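Colleague: output the structure for:
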Amino acid sequence: MSPAPTSHVESVDFVMLYIVGISVILLLGITAVMIYFVFKYHRKKGHKPVDIHGNVLLEIIWIAIPTILVLSMFYFGYTSFRDIRIKPKDAMAVKVTARMWQFSFEYENGKKSDTLYVPINKGIDLQMESVDVNHSLYIPAFRIKEDVIKGKTTNLYFTAEVEGTYDIACAEYCGLDHSMMYSQVKVVSADSFKTWYSTVDSITDSTKTK
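Modeller: Have a look, this model is predicted:
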């Protein structure tokens with residue numbers, strides 16, 4: 001298996017598998033018990049239903065087990081969510097502008113691009129705004145997504161740990177060509193990023209930049 005591009009990927013995947021695993025176990029367990037009771041207490045066998053009252057142990061079990069399971073799901077989900085809400089130390093700010101139907105990225109030195117270039121192992125602070133309608137910046141490979149709201153600045157943090165090119169998509173329906181609103185994030189070495197960052201062109205097209 002390829003290494004995850006960010007540490008956040010592992011925590012999100014773990015939460016997903018944890019919740020799905022518990023759900024599958026409960027589904028199979030409840031289904032098995034239902035089938036067992038259907039045959040055991042079939043009318044033809046002459047069993048008569050009996051109400052159960054005052055079974056403290058049974059009440060504790062059916063309250064405690066679901067409570068523990070739900071709290072554990074909340075805990076793991078919250079810790080994973082908290083990771084993307086904490087701004088990385090010395091994060092590099094990148095202004096993101098969303099419009100129908102494209103994203104553009106502007107760096108602190110004024111350099112602009114339609115592709116998000118970031119150095120490996122460097123905290124990134126995406127400061128996102130929309131000039132028209134609501135959008136949502138989604139990087140599936142990083143398991144991160146944040147709404148881009150008109151009239152409001154929202155932030156998204158990440159630290160890429162594997163070089164490569166990853167898709168960026170708009171995850172909020174924003175109009176006729178919403179499905180065409182794609183871009184890319186390119187994670188490069190620190191030296192490659194420094195070279196790209198220091199070039200003098202003010203607007204960089206991804207088709208012109210390697």
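
Colleague: okay, now the unreliable bits of this structure?
Modeller: 1-2, 200-210 (pLDDT under 70).

Colleague: chain center to stretch 188-198, what's the gap?
Modeller: 27 Å (Cα atoms, centre = their mean, to the nearest Å).

Colleague: in the chain, mark out all the strands, start to finish.
Modeller: Here the chain has its strands, by DSSP state E, at 92-99, 102-107, 112-113, 116-119, 123-130, 135-139, 144-148, 154-159, 164-170, 182-188, 203-204.

Colleague: gap between the nearest residue to T79 once chain neighbours are set aside and Y36?
Modeller: Nearest residue to T79, sequence neighbours excluded (Cβ to Cβ, 6 or more residues apart in numbering): S11, at 7.1 Å. C-beta here means a position set from N, CA and C on the backbone, and glycine is covered the same way. From S11 across to Y36, the span is 37 Å (Cβ to Cβ, to the nearest Å).

Colleague: same question, V162
Modeller: Applying Cβ to Cβ to V162 and Y36 gives a distance of 48 Å.

Colleague: these two: who's more crowded?
Modeller: V162 (15 against 10; other Cβ atoms under 10 Å).

Colleague: quick one: contacts for the residue lying closest to that one once chain neighbours are set aside?
Modeller: With sequence-adjacent residues excluded and distances taken as Cβ to Cβ, 6+ apart, V162 is closest to P5, at 4.4 Å. For P5, the contact set (Cβ atoms under 8 Å, 6 or more residues apart in numbering) comprises A141, F142, A160, E161, V162, G164, Y166, V187.

Colleague: how about the residues you listed in CSV, adding distance to H135?
Modeller: As requested, the contacts of P5 are arranged in CSV below (distance: Cβ to Cβ, whole Å):
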residue, distance to H135
A141, 19
F142, 17
A160, 22
E161, 26
V162, 26
G164, 24
Y166, 18
V187, 22
